[in-house]
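> compute the structure for the input listed below.
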Amino acid sequence: MNLEKLEKYRRDLHQIPEIAFDLFLTSAYVKNELEQMGYQTETVAKTGLVAIKKGISKNAIAFRSDMDALSVTEKTKVSYQSLHPSKMHACGHDGHMAILLGFADYVSKLEKQQQSIVFIFQPAEEGPGGAKVIIEEKILEKYHIKHIFGLHLYPGLAEGKYGLVDGPMLAQNGEFNLTITGKSSHAAQPHFGHDAILAVSELIGMYHKIVSRFINPLDHAVITVGTIEGGEARNIIANQAMITGTIRSFKESVYQNLKKSMRKIDHAIEIAFDVKVENNIMDYYPPVVNDHELFLRLKNNLDKTQYELIPPMMFAEDFAFYQKEVPGLFVMLGTRNNEKEFIHPLHSCYFNFDEKVLLQGVELYKKILKMMEL
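Alright, predicted model coming up:
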């Protein structure tokens, strides 16, 4: 696989970013490239694709790429900038697809392997979770997938390095939309009202005590309030206040404890301030937990200069759904290059990377394939 071909894949896909499950142009592009390599494809999860290189055994290993982009207006000013207004591949999924296409091209030229090799191009990683849909469609069972692998470009790691984590790697996540309804009154007569802003300010303070006082210090958890809105005017006691936020942890038991503690505080605020609290907590992705045996096998098949053991991170990834079904391994691929100013975080309108790292992605998958055939 040469870099020029990987660059073409990436740049073509970068110009046609699409959102969630509505990836019709992206899917058509990937389908055409796979079929030119000689693969037959199956459409899954509305616009996702599966291709297979059959092996001697029915059992298979799978490699997954996400496909969707973000609702971000691109500001990179590259020659292959997004052609779709307010949409951008700001999380590197264009790179992930290029890597998996490059790897599929490499595999297409191999002799039949012991295990079948399945390529999964998955929509809606950014939400609401295309991996869950693919699992519900019984794709893992249909293709007898026993192990699954994935990667993610990551500007928090030096360019070309593989970031490895044993066990919990990325967090379980949820989001909440909370509304407090009180009673308006004139600011000069606060005793006639029930102040929603005062209630929500107390609630926020109590939420941020959950992690420090109700969660084991040896566990990790985050509660973040990201937005707040409320009130009508400076001289009116607020009738309503709204907040939104996110909760995250590496353990499902801790995640449930966070929710339980929030519900208790909601009820306490209702009693203390004579208001109504409505809190819609939406569960999203489970934690990404790497299989210990797969971690060791990859680590032992890499030179020490090729990888870095990195700490778990509170990002979330729907690759976790696959790992609840079969052993899986998720790897970060570093893109940080200070000299070329490839330093912007994921989801930034300036996110970009040196495309030579795509070769490192293909090499990683080749290394995994070889170790799984041993």
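> so in this structure, which strand runs the longest?
strand 145-158 (DSSP state E).
> helices and strands around that one, which ones?
strand 60-66, helix 93-108, helix 319-323, strand 328-336, helix 357-373 (3 or more CB pairs under 8 Å, 6 or more residues apart in numbering; DSSP states H and E). Yep, even glycine has a C-beta here, placed from its N, CA and C like the rest.
> can you show me the strands along the stretch 151-300 of the chain?
Secondary structure of the stretch 151-300 of the chain (DSSP state E, counting those that start in this stretch): strands at 162-164, 167-170, 172-181, 185-186, 221-230, 236-237, 240-249, 276-283, 288-290.
> what bits of the stretch 1-150 of the chain have low per-residue confidence?
1 (pLDDT under 70).
> distance from the longest helix along the chain to the middle of the chain?
Secondary structure of the chain read by DSSP state H shows that its longest helix is helix 252-273. Helix 252-273 has its C-alpha centroid displaced from the chain centroid by 26 Å (CA atoms, centre = their mean, to the nearest Å).
> ok, residues contacting that helix?
172, 174, 176, 178, 180, 182, 194-195, 198-199, 202-203, 206-207, 210-211, 214-216, 219-221, 223, 247-249, 275-277, 279, 281, 286-287 (CB atoms under 8 Å, 6 or more residues apart in numbering).
> among the residues you listed, which ones are buried?
172, 174, 176, 178, 180, 182, 194-195, 198-199, 202-203, 206-207, 210-211, 215, 220-221, 223, 247-249, 275-277, 279, 281, 286-287 (16 or more other CB atoms under 10 Å).
> break the protein down into its structural domains.
What automatic domain parsing lists as the domains of the chain is 3-169+287-373, 172-283.
> could the helices and strands packed on strand 145-158 go into JSON lines alongside distance to residue 158 and mean neighbour count?
Listed next are the helices and strands packed on strand 145-158 as JSON lines, based on distance: least, CB to CB, whole Å; neighbours: other CB atoms under 10 Å:
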{"stretch": "strand 60-66", "distance to residue 158": "23", "mean neighbour count": "24"}
{"stretch": "helix 93-108", "distance to residue 158": "16", "mean neighbour count": "24"}
{"stretch": "helix 319-323", "distance to residue 158": "23", "mean neighbour count": "24"}
{"stretch": "strand 328-336", "distance to residue 158": "5", "mean neighbour count": "24"}
{"stretch": "helix 357-373", "distance to residue 158": "10", "mean neighbour count": "19"}
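> and residue 374, how far is that from residue 297?
From residue 374 across to residue 297, the span is 9 Å (CB to CB, to the nearest Å).
> which of the two has more neighbours?
Per other CB atoms under 10 Å, whichever of residue 374 and residue 297 has more neighbours is residue 297, with 16 against 7.
> show me the contact partners of stretch 195-203.
So stretch 195-203 is in contact with 178, 180-182, 228, 230-231, 237-243, 265-266, 269, 272-273, 275, 277, going by CB under 8 Å, 6+ apart.
> strand partners (parallel or antiparallel) of the longest strand of the chain?
For strand 145-158, the pairing partners within the sheet under DSSP bridges are strand 60-66 (parallel), strand 328-336 (parallel).
> any chance of those in TSV, plus distance to residue 86?
Shown next, in TSV, are the strands paired with strand 145-158 (distance: least, CB to CB, whole Å):
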stretch	distance to residue 86
strand 60-66	20
strand 328-336	24
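> list buried residues within the contacts of stretch 195-203.
If we count by 16+ other CB under 10 Å, these have these buried: 178, 180-182, 230, 237-243, 265-266, 269, 273, 275, 277.
> can you pull the contacts of the residue nearest to residue 25 when sequence neighbours are not counted?
Spatially, and ignoring its direct neighbours in sequence, residue 25 is nearest to residue 16 (4.6 Å; CB to CB, 6 or more residues apart in numbering). By CB under 8 Å, 6+ apart, the residues touching residue 16 are 25-26, 29, 82-84.
> so what's the gap between stretch 20-37 and the chain middle?
21 Å.
> now do stretch 69-82
19 Å.
> go on, stretch 334-348?
Worked out by CA atoms, centre = their mean, stretch 334-348 lies 18 Å from the chain centre.
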